[in-house]
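Engineer: Sequence and predicted structure below; questions after.
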Amino acid sequence: MQLQIPPSLRHRPYRLLWFGQIVSIAGTQMQVWAIFWHIRNLTDQPIALGGVGAARILPIIVFSLIGGAVADSANRRVLMFITQTVMALSALALAFLTFSGEIVLWQIYALTAIQATAIAFDAPARQSLVPNLVPARDLSNAFSLSSIAMQTGSIIGPAMSGLVIAYWGQGYTYLLNAFSYGAVLAALLLMGRVPQQKALNGHPPVSLQAIREGIQFILTHPVILSTMLLDFFATFFSSANTLMPVFARDVLKVGEVEYGWLSAAQSIGAVTAAMILSQVSTLRRQGPLFLGSVVVFGIATVAFGLSRSLIAAILALILIGAADSVSTIIRNTIRQLQTPDYIRGRMTSVNQIFFMGGPQLGEIEAGVVAQLFGAPLAVVSGGIGCLLAVGWISHRWPLLRRFNGDEPIQAGATAD
(Lines give C-alpha, C1' and ligand atoms only; values in the text may rest on other atoms or scores of the structure.)
Protein backbone atom coordinates (compact mmCIF):
# COMPACT_ATOMS: atom_id res chain seq x y z
CA MET A 1 0.00 0.00 0.00
CA GLN A 2 1.51 3.31 -1.09
CA LEU A 3 1.62 6.00 1.58
CA GLN A 4 -0.24 9.20 0.81
CA ILE A 5 -0.74 12.57 2.46
CA PRO A 6 -3.87 12.17 4.58
CA PRO A 7 -6.67 14.18 2.92
CA SER A 8 -7.62 16.04 6.10
CA LEU A 9 -4.14 17.58 6.30
CA ARG A 10 -4.73 19.27 2.94
CA HIS A 11 -7.07 21.68 4.72
CA ARG A 12 -4.97 24.48 6.26
CA PRO A 13 -7.13 25.23 9.36
CA TYR A 14 -7.20 21.57 10.39
CA ARG A 15 -3.48 21.22 9.63
CA LEU A 16 -2.67 24.13 11.96
CA LEU A 17 -4.81 22.70 14.74
CA TRP A 18 -3.33 19.23 14.26
CA PHE A 19 0.30 20.34 14.64
CA GLY A 20 -0.62 22.56 17.58
CA GLN A 21 -2.37 19.68 19.31
CA ILE A 22 0.68 17.41 19.07
CA VAL A 23 2.77 19.92 21.01
CA SER A 24 0.04 20.75 23.53
CA ILE A 25 -0.94 17.13 24.15
CA ALA A 26 2.70 16.20 24.74
CA GLY A 27 2.84 18.84 27.47
CA THR A 28 -0.51 17.82 28.94
CA GLN A 29 0.40 14.14 29.08
CA MET A 30 3.77 14.96 30.60
CA GLN A 31 1.91 16.76 33.40
CA VAL A 32 -0.71 14.00 33.83
CA TRP A 33 1.85 11.29 34.46
CA ALA A 34 4.08 13.63 36.48
CA ILE A 35 1.16 14.30 38.83
CA PHE A 36 0.73 10.56 39.44
CA TRP A 37 4.42 10.25 40.31
CA HIS A 38 4.28 13.41 42.42
CA ILE A 39 1.39 12.08 44.51
CA ARG A 40 3.12 8.72 44.93
CA ASN A 41 6.12 10.60 46.35
CA LEU A 42 3.90 12.59 48.73
CA THR A 43 2.06 9.50 50.03
CA ASP A 44 2.27 5.72 49.68
CA GLN A 45 -1.52 5.27 49.84
CA PRO A 46 -2.95 4.08 46.46
CA ILE A 47 -6.31 5.66 47.25
CA ALA A 48 -4.66 9.10 47.12
CA LEU A 49 -4.01 8.49 43.41
CA GLY A 50 -7.72 7.81 42.99
CA GLY A 51 -8.32 11.32 44.31
CA VAL A 52 -7.06 12.67 41.00
CA GLY A 53 -9.99 10.97 39.31
CA ALA A 54 -12.41 12.59 41.75
CA ALA A 55 -10.87 16.02 41.16
CA ARG A 56 -11.35 15.58 37.41
CA ILE A 57 -14.77 14.02 37.22
CA LEU A 58 -16.72 16.39 39.49
CA PRO A 59 -16.20 19.48 37.26
CA ILE A 60 -16.95 17.36 34.19
CA ILE A 61 -20.29 16.24 35.65
CA VAL A 62 -21.21 19.77 36.75
CA PHE A 63 -20.11 21.75 33.70
CA SER A 64 -20.06 19.43 30.64
CA LEU A 65 -23.69 19.92 29.62
CA ILE A 66 -23.33 23.69 29.97
CA GLY A 67 -20.08 23.52 27.99
CA GLY A 68 -21.84 21.70 25.15
CA ALA A 69 -24.59 24.30 24.95
CA VAL A 70 -21.99 27.07 24.92
CA ALA A 71 -20.07 25.30 22.12
CA ASP A 72 -23.24 25.25 19.99
CA SER A 73 -24.01 28.93 20.54
CA ALA A 74 -20.62 30.64 20.93
CA ASN A 75 -17.69 30.90 18.54
CA ARG A 76 -15.92 27.56 19.07
CA ARG A 77 -12.52 28.93 18.08
CA VAL A 78 -12.75 31.82 20.58
CA LEU A 79 -14.04 29.48 23.28
CA MET A 80 -11.04 27.21 22.78
CA PHE A 81 -8.70 30.19 23.04
CA ILE A 82 -10.15 31.03 26.46
CA THR A 83 -10.07 27.47 27.79
CA GLN A 84 -6.51 26.84 26.59
CA THR A 85 -5.38 30.01 28.33
CA VAL A 86 -7.00 28.93 31.61
CA MET A 87 -5.25 25.56 31.43
CA ALA A 88 -1.90 27.21 30.75
CA LEU A 89 -2.30 29.46 33.81
CA SER A 90 -3.24 26.46 35.97
CA ALA A 91 -0.09 24.64 34.90
CA LEU A 92 1.97 27.72 35.74
CA ALA A 93 0.43 27.79 39.22
CA LEU A 94 1.26 24.12 39.70
CA ALA A 95 4.87 24.77 38.66
CA PHE A 96 5.19 27.74 41.04
CA LEU A 97 3.87 25.79 44.03
CA THR A 98 6.16 22.85 43.26
CA PHE A 99 9.24 25.06 42.94
CA SER A 100 8.35 26.64 46.28
CA GLY A 101 8.68 23.24 47.98
CA GLU A 102 5.47 23.79 49.96
CA ILE A 103 2.97 22.01 47.70
CA VAL A 104 0.47 19.67 49.36
CA LEU A 105 -2.10 17.20 48.05
CA TRP A 106 -5.14 19.46 48.22
CA GLN A 107 -3.42 22.05 46.01
CA ILE A 108 -2.73 19.43 43.33
CA TYR A 109 -6.35 18.31 43.51
CA ALA A 110 -7.64 21.92 43.34
CA LEU A 111 -5.57 22.88 40.30
CA THR A 112 -6.49 19.59 38.63
CA ALA A 113 -10.15 20.47 39.19
CA ILE A 114 -9.66 23.93 37.63
CA GLN A 115 -8.12 22.37 34.55
CA ALA A 116 -10.94 19.82 34.39
CA THR A 117 -13.46 22.68 34.46
CA ALA A 118 -11.71 24.26 31.48
CA ILE A 119 -11.74 20.89 29.70
CA ALA A 120 -15.51 20.65 30.24
CA PHE A 121 -15.84 23.65 27.92
CA ASP A 122 -12.80 22.95 25.72
CA ALA A 123 -13.58 19.38 24.63
CA PRO A 124 -17.05 20.05 23.16
CA ALA A 125 -15.71 23.11 21.35
CA ARG A 126 -12.65 21.26 20.01
CA GLN A 127 -14.42 18.11 18.85
CA SER A 128 -17.27 20.11 17.32
CA LEU A 129 -14.78 22.38 15.58
CA VAL A 130 -13.18 19.55 13.60
CA PRO A 131 -16.24 18.94 11.33
CA ASN A 132 -16.16 22.70 10.60
CA LEU A 133 -12.56 22.44 9.37
CA VAL A 134 -12.87 19.51 6.93
CA PRO A 135 -15.64 18.28 4.59
CA ALA A 136 -17.71 15.27 5.65
CA ARG A 137 -15.85 12.94 3.29
CA ASP A 138 -12.60 13.60 5.18
CA LEU A 139 -14.03 13.46 8.70
CA SER A 140 -13.08 9.86 9.45
CA ASN A 141 -9.57 10.62 8.27
CA ALA A 142 -9.49 13.77 10.42
CA PHE A 143 -10.36 11.77 13.52
CA SER A 144 -7.67 9.24 12.62
CA LEU A 145 -5.18 12.10 12.41
CA SER A 146 -6.52 13.60 15.66
CA SER A 147 -5.93 10.22 17.30
CA ILE A 148 -2.38 10.22 15.91
CA ALA A 149 -1.84 13.70 17.36
CA MET A 150 -3.22 12.57 20.71
CA GLN A 151 -1.16 9.41 20.84
CA THR A 152 2.04 10.98 19.49
CA GLY A 153 1.79 13.55 22.25
CA SER A 154 1.03 10.72 24.66
CA ILE A 155 4.26 8.97 23.67
CA ILE A 156 6.45 12.06 23.87
CA GLY A 157 4.85 13.47 27.04
CA PRO A 158 5.08 10.50 29.42
CA ALA A 159 8.58 9.62 28.20
CA MET A 160 9.64 13.22 28.78
CA SER A 161 8.01 13.24 32.23
CA GLY A 162 10.30 10.49 33.45
CA LEU A 163 13.40 12.16 32.01
CA VAL A 164 12.48 15.66 33.20
CA ILE A 165 11.66 14.45 36.73
CA ALA A 166 14.87 12.42 36.90
CA TYR A 167 17.26 15.10 35.60
CA TRP A 168 15.56 18.50 36.13
CA GLY A 169 12.92 18.06 38.79
CA GLN A 170 9.17 17.72 39.18
CA GLY A 171 8.33 21.40 38.74
CA TYR A 172 9.73 21.62 35.22
CA THR A 173 7.15 19.12 33.92
CA TYR A 174 4.42 21.59 34.85
CA LEU A 175 6.32 24.60 33.52
CA LEU A 176 6.94 22.97 30.13
CA ASN A 177 3.27 22.03 29.92
CA ALA A 178 2.25 25.65 30.50
CA PHE A 179 4.36 26.75 27.53
CA SER A 180 3.05 23.91 25.32
CA TYR A 181 -0.44 25.44 25.25
CA GLY A 182 1.04 28.25 23.15
CA ALA A 183 1.08 25.92 20.13
CA VAL A 184 -2.72 25.58 20.07
CA LEU A 185 -3.21 29.28 20.84
CA ALA A 186 -1.03 30.16 17.84
CA ALA A 187 -2.95 27.73 15.60
CA LEU A 188 -6.29 29.24 16.62
CA LEU A 189 -5.02 32.75 15.82
CA LEU A 190 -3.57 31.74 12.44
CA MET A 191 -6.54 29.74 11.11
CA GLY A 192 -8.83 32.79 11.05
CA ARG A 193 -12.61 32.76 11.04
CA VAL A 194 -14.34 29.36 11.02
CA PRO A 195 -18.03 29.22 9.97
CA GLN A 196 -20.41 27.09 12.04
CA GLN A 197 -24.11 26.38 12.10
CA LYS A 198 -26.10 27.82 15.01
CA ALA A 199 -29.07 26.23 16.74
CA LEU A 200 -32.13 25.81 14.54
CA ASN A 201 -34.79 26.47 17.19
CA GLY A 202 -35.90 29.53 19.09
CA HIS A 203 -34.55 28.52 22.51
CA PRO A 204 -31.98 30.75 24.26
CA PRO A 205 -28.40 29.71 23.30
CA VAL A 206 -27.60 28.36 26.77
CA SER A 207 -30.70 27.13 28.60
CA LEU A 208 -32.18 24.09 30.27
CA GLN A 209 -34.25 23.51 27.15
CA ALA A 210 -31.13 23.53 24.97
CA ILE A 211 -29.39 21.09 27.32
CA ARG A 212 -32.49 18.87 27.43
CA GLU A 213 -32.56 18.85 23.62
CA GLY A 214 -29.01 17.51 23.54
CA ILE A 215 -29.79 14.74 26.02
CA GLN A 216 -32.97 13.80 24.14
CA PHE A 217 -31.00 13.56 20.91
CA ILE A 218 -28.67 10.97 22.47
CA LEU A 219 -31.51 8.94 23.97
CA THR A 220 -33.30 8.66 20.62
CA HIS A 221 -30.22 7.53 18.65
CA PRO A 222 -29.33 4.01 19.83
CA VAL A 223 -26.07 3.72 17.85
CA ILE A 224 -24.70 6.84 19.55
CA LEU A 225 -26.07 5.89 22.97
CA SER A 226 -24.68 2.34 22.85
CA THR A 227 -21.18 3.50 21.90
CA MET A 228 -21.21 6.01 24.75
CA LEU A 229 -22.33 3.41 27.29
CA LEU A 230 -19.73 0.88 26.18
CA ASP A 231 -17.06 3.57 26.26
CA PHE A 232 -18.05 4.39 29.84
CA PHE A 233 -18.12 0.84 31.18
CA ALA A 234 -14.96 -0.29 29.35
CA THR A 235 -12.91 2.62 30.66
CA PHE A 236 -14.48 2.43 34.13
CA PHE A 237 -13.44 -1.18 34.60
CA SER A 238 -10.14 -1.06 32.73
CA SER A 239 -8.85 2.35 33.80
CA ALA A 240 -5.80 1.91 36.01
CA ASN A 241 -3.41 4.56 34.74
CA THR A 242 -3.18 6.10 38.20
CA LEU A 243 -1.82 2.78 39.46
CA MET A 244 1.14 2.93 37.06
CA PRO A 245 3.51 4.36 39.71
CA VAL A 246 2.52 1.52 42.03
CA PHE A 247 3.15 -1.04 39.29
CA ALA A 248 6.47 0.59 38.38
CA ARG A 249 7.86 0.86 41.91
CA ASP A 250 6.20 -1.99 43.81
CA VAL A 251 5.42 -4.70 41.22
CA LEU A 252 8.02 -4.28 38.47
CA LYS A 253 10.67 -2.66 40.72
CA VAL A 254 11.77 0.05 38.24
CA GLY A 255 12.53 3.77 38.49
CA GLU A 256 11.51 7.09 36.93
CA VAL A 257 12.84 6.53 33.39
CA GLU A 258 11.24 3.08 33.06
CA TYR A 259 8.04 4.55 34.51
CA GLY A 260 8.06 7.11 31.71
CA TRP A 261 8.24 4.38 29.07
CA LEU A 262 5.56 2.32 30.76
CA SER A 263 3.36 5.42 30.68
CA ALA A 264 4.09 5.94 26.98
CA ALA A 265 3.58 2.31 25.92
CA GLN A 266 -0.18 2.55 25.34
CA SER A 267 0.33 5.49 23.03
CA ILE A 268 2.96 3.65 21.00
CA GLY A 269 0.32 1.05 20.14
CA ALA A 270 -2.34 3.70 19.65
CA VAL A 271 -0.37 5.84 17.22
CA THR A 272 0.61 2.74 15.21
CA ALA A 273 -3.04 1.71 14.85
CA ALA A 274 -4.12 5.27 14.02
CA MET A 275 -1.45 5.61 11.31
CA ILE A 276 -2.69 2.40 9.69
CA LEU A 277 -6.30 3.60 9.79
CA SER A 278 -5.29 7.01 8.41
CA GLN A 279 -4.36 5.24 5.17
CA VAL A 280 -7.83 3.69 4.86
CA SER A 281 -10.10 6.00 2.88
CA THR A 282 -13.39 4.35 3.90
CA LEU A 283 -14.13 2.33 7.03
CA ARG A 284 -16.96 -0.17 6.78
CA ARG A 285 -18.41 -2.69 9.28
CA GLN A 286 -17.73 -0.06 11.90
CA GLY A 287 -19.98 -1.65 14.54
CA PRO A 288 -18.30 -5.08 14.59
CA LEU A 289 -14.87 -3.47 14.38
CA PHE A 290 -15.71 -1.24 17.33
CA LEU A 291 -16.95 -4.15 19.46
CA GLY A 292 -13.95 -6.29 18.54
CA SER A 293 -11.50 -3.57 19.49
CA VAL A 294 -13.04 -3.26 22.96
CA VAL A 295 -12.77 -7.05 23.43
CA VAL A 296 -9.05 -6.85 22.63
CA PHE A 297 -8.79 -3.91 25.03
CA GLY A 298 -10.22 -5.98 27.88
CA ILE A 299 -8.05 -9.06 27.17
CA ALA A 300 -4.89 -6.95 26.99
CA THR A 301 -5.82 -5.29 30.31
CA VAL A 302 -5.97 -8.70 31.99
CA ALA A 303 -2.57 -9.54 30.47
CA PHE A 304 -1.08 -6.33 31.85
CA GLY A 305 -2.41 -7.07 35.33
CA LEU A 306 -0.73 -10.49 35.23
CA SER A 307 2.61 -9.11 33.96
CA ARG A 308 5.65 -9.39 36.20
CA SER A 309 8.38 -8.24 33.81
CA LEU A 310 8.93 -4.83 32.22
CA ILE A 311 8.88 -6.19 28.65
CA ALA A 312 5.65 -8.16 29.14
CA ALA A 313 3.98 -5.14 30.73
CA ILE A 314 5.04 -2.84 27.89
CA LEU A 315 3.80 -5.28 25.23
CA ALA A 316 0.41 -5.60 26.96
CA LEU A 317 0.13 -1.82 27.24
CA ILE A 318 0.98 -1.40 23.54
CA LEU A 319 -1.88 -3.76 22.65
CA ILE A 320 -4.22 -1.86 25.01
CA GLY A 321 -3.35 1.38 23.25
CA ALA A 322 -3.83 -0.04 19.75
CA ALA A 323 -7.26 -1.41 20.61
CA ASP A 324 -8.31 1.81 22.32
CA SER A 325 -7.19 3.85 19.31
CA VAL A 326 -9.34 1.83 16.90
CA SER A 327 -12.30 2.12 19.28
CA THR A 328 -11.84 5.88 19.70
CA ILE A 329 -11.58 6.62 15.98
CA ILE A 330 -14.65 4.57 15.10
CA ARG A 331 -16.89 5.85 17.88
CA ASN A 332 -15.93 9.49 17.18
CA THR A 333 -16.65 9.03 13.48
CA ILE A 334 -20.02 7.39 14.19
CA ARG A 335 -21.11 10.14 16.56
CA GLN A 336 -20.01 13.11 14.49
CA LEU A 337 -21.40 11.79 11.20
CA GLN A 338 -24.71 10.87 12.83
CA THR A 339 -25.09 14.30 14.50
CA PRO A 340 -26.17 17.56 12.78
CA ASP A 341 -23.72 20.45 13.24
CA TYR A 342 -26.11 22.65 15.25
CA ILE A 343 -26.23 20.11 18.10
CA ARG A 344 -22.71 18.64 17.92
CA GLY A 345 -21.47 20.59 20.94
CA ARG A 346 -24.25 19.25 23.15
CA MET A 347 -23.82 15.71 21.84
CA THR A 348 -20.09 15.97 22.58
CA SER A 349 -20.74 17.33 26.06
CA VAL A 350 -22.96 14.35 26.93
CA ASN A 351 -20.32 12.07 25.45
CA GLN A 352 -17.69 13.82 27.54
CA ILE A 353 -19.44 12.73 30.73
CA PHE A 354 -19.23 9.13 29.53
CA PHE A 355 -15.77 9.46 27.93
CA MET A 356 -14.13 11.18 30.90
CA GLY A 357 -16.46 9.89 33.60
CA GLY A 358 -15.57 6.26 32.90
CA PRO A 359 -11.80 6.53 33.34
CA GLN A 360 -11.92 9.10 36.16
CA LEU A 361 -14.45 7.10 38.20
CA GLY A 362 -12.47 4.03 37.21
CA GLU A 363 -9.36 5.55 38.73
CA ILE A 364 -11.22 5.97 42.02
CA GLU A 365 -12.48 2.38 41.81
CA ALA A 366 -9.00 1.09 40.93
CA GLY A 367 -7.47 3.00 43.83
CA VAL A 368 -9.97 1.52 46.30
CA VAL A 369 -9.57 -2.04 45.01
CA ALA A 370 -5.78 -1.67 44.98
CA GLN A 371 -5.87 -0.37 48.54
CA LEU A 372 -7.87 -3.41 49.66
CA PHE A 373 -6.57 -6.23 47.45
CA GLY A 374 -3.47 -4.97 45.61
CA ALA A 375 -2.82 -3.33 42.25
CA PRO A 376 -2.60 -6.52 40.10
CA LEU A 377 -6.05 -7.74 41.15
CA ALA A 378 -7.50 -4.27 40.55
CA VAL A 379 -6.30 -4.38 36.94
CA VAL A 380 -7.20 -8.01 36.19
CA SER A 381 -10.73 -7.68 37.59
CA GLY A 382 -11.17 -4.49 35.57
CA GLY A 383 -10.29 -6.26 32.32
CA ILE A 384 -12.84 -8.96 33.07
CA GLY A 385 -15.46 -6.31 33.80
CA CYS A 386 -14.73 -4.70 30.43
CA LEU A 387 -15.38 -7.99 28.61
CA LEU A 388 -18.67 -8.46 30.44
CA ALA A 389 -19.71 -4.93 29.41
CA VAL A 390 -19.08 -5.76 25.73
CA GLY A 391 -21.35 -8.79 26.00
CA TRP A 392 -24.16 -6.79 27.62
CA ILE A 393 -24.04 -3.83 25.19
CA SER A 394 -23.85 -6.13 22.16
CA HIS A 395 -26.88 -8.07 23.37
CA ARG A 396 -28.89 -5.01 24.42
CA TRP A 397 -28.31 -3.05 21.19
CA PRO A 398 -27.93 -5.56 18.31
CA LEU A 399 -28.15 -2.61 15.91
CA LEU A 400 -24.54 -1.82 16.84
CA ARG A 401 -23.41 -5.25 15.64
CA ARG A 402 -24.92 -4.51 12.22
CA PHE A 403 -23.77 -0.90 11.87
CA ASN A 404 -21.79 -0.47 8.66
CA GLY A 405 -20.93 3.25 8.63
CA ASP A 406 -22.80 4.45 5.55
CA GLU A 407 -26.23 4.72 7.18
CA PRO A 408 -28.02 8.10 6.80
CA ILE A 409 -28.56 10.42 9.77
CA GLN A 410 -31.87 9.61 11.43
CA ALA A 411 -34.12 12.24 12.94
CA GLY A 412 -34.86 9.97 15.89
CA ALA A 413 -35.11 6.32 16.78
CA THR A 414 -35.81 3.97 19.61
CA ALA A 415 -33.62 1.28 21.09
CA ASP A 416 -33.47 -1.86 18.99
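Structural biologist: Perfect, I can see it now.

Engineer: Report the buried residues of the lowest-mean-pLDDT helix or strand in the chain.
Structural biologist: Every helix and strand in the chain was compared by mean pLDDT, DSSP states H and E; the lowest is helix 344-373, with a mean of 75. Buried positions in helix 344-373, judged by neighbour count with 16 or more other C-beta atoms under 10 Å: 344-367, 369-371. Bear in mind the C-beta positions are built from the backbone N, C-alpha and C, glycine included.

Engineer: Would you mark the buried spots in the following helix or strand past that helix?
Structural biologist: Next helix or strand after helix 344-373 toward the C-terminus (DSSP states H and E): helix 375-396. Residues of helix 375-396 classed as buried by neighbour count (16+ other C-beta under 10 Å): 375-376, 378-387, 389-390, 393-394.

Engineer: same question, stretch 291-299
Structural biologist: Going by 16+ other C-beta under 10 Å, stretch 291-299 has these buried residues: 291, 293-299.

Engineer: How about stretch 325-345?
Structural biologist: Buried, per 16+ other C-beta under 10 Å, within stretch 325-345: 325-339, 341-345.

Engineer: now swap in stretch 210-229 and tell me
Structural biologist: 210-211, 213-214, 217-218, 221-229.

Engineer: quick revisit: nearest to residue 88, of the buried residues of stretch 291-299?
Structural biologist: residue 297 (32.2 Å; C-beta to C-beta).

Engineer: any chance you could map the helices in the stretch 1-150 of the chain?
Structural biologist: Applying DSSP state H, counting those that start in this stretch to the stretch 1-150 of the chain gives helices spanning 12-42, 46-73, 76-100, 105-133, 139-167.

Engineer: just so I know, which of the ones you listed lies nearest residue 181?
Structural biologist: helix 76-100 (3.9 Å).

Engineer: confidence score at residue 230?
Structural biologist: For residue 230, the pLDDT comes out at 85.

Engineer: so it makes contact with residue 393?
Structural biologist: Yes: Residue 230 lies in contact with residue 393 (C-beta atoms under 8 Å); the separation is 4.4 Å.

Engineer: what is in contact with the two at once?
Structural biologist: Taking C-beta atoms under 8 Å, 6 or more residues apart in numbering as the criterion, residue 230 and residue 393 both touch residue 291.

Engineer: if you average pLDDT over stretch 250-268, what comes out?
Structural biologist: On average, stretch 250-268 scores 83.

Engineer: try stretch 170-185
Structural biologist: For stretch 170-185, the per-residue pLDDT averages 94.

Engineer: Show me the contact partners of it.
Structural biologist: Here stretch 170-185 has contacts from 17, 19-24, 26-28, 30-31, 34, 37-38, 41, 80-81, 84-85, 87-89, 91-92, 94-95, 98-99, 160-161, 164-165, using C-beta under 8 Å, 6+ apart.

Engineer: These, buried ones only, as a PyMOL selection?
Structural biologist: This is the PyMOL syntax for the buried subset of the contacts of stretch 170-185, where burial follows 16+ other C-beta under 10 Å:
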select buried, resi 17+19+20+21+22+23+24+26+27+28+30+31+34+37+38+80+81+84+87+88+89+91+92+94+95+98+160+161+164+165
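
Engineer: Residue 348 versus the nearest residue to residue 379 once chain neighbours are set aside, what's the distance?
Structural biologist: Nearest in space to residue 379, with sequence neighbours left out and distances taken as C-beta to C-beta, 6 or more residues apart in numbering, is residue 305 at 3.2 Å. Distance, residue 305 to residue 348, by C-beta to C-beta, to the nearest Å: 32 Å.

Engineer: what stretches of this structure score poorly on pLDDT?
Structural biologist: 1-3, 196-207, 239-240, 278-284, 355, 357, 360, 405-416 (pLDDT under 70).

Engineer: The helix or strand hosting the residue nearest to residue 379 packs against which elements?
Structural biologist: Applying DSSP H and E as the criterion places residue 305 in helix 286-306. Where contact means 3 or more C-beta pairs under 8 Å, 6 or more residues apart in numbering; DSSP states H and E, helix 286-306 is packed against helix 222-238, helix 310-337, helix 375-396, helix 398-402.

Engineer: Quick one: distance of the third one to the chain centre.
Structural biologist: Here helix 375-396 is found 19 Å from its chain centre; the criterion is C-alpha atoms, centre = their mean, to the nearest Å.

Engineer: tell me which strands and helices it is in contact with?
Structural biologist: Against helix 375-396 (3+ C-beta pairs under 8 Å, 6+ apart) you get helix 222-238, helix 286-306, helix 344-373, helix 398-402.
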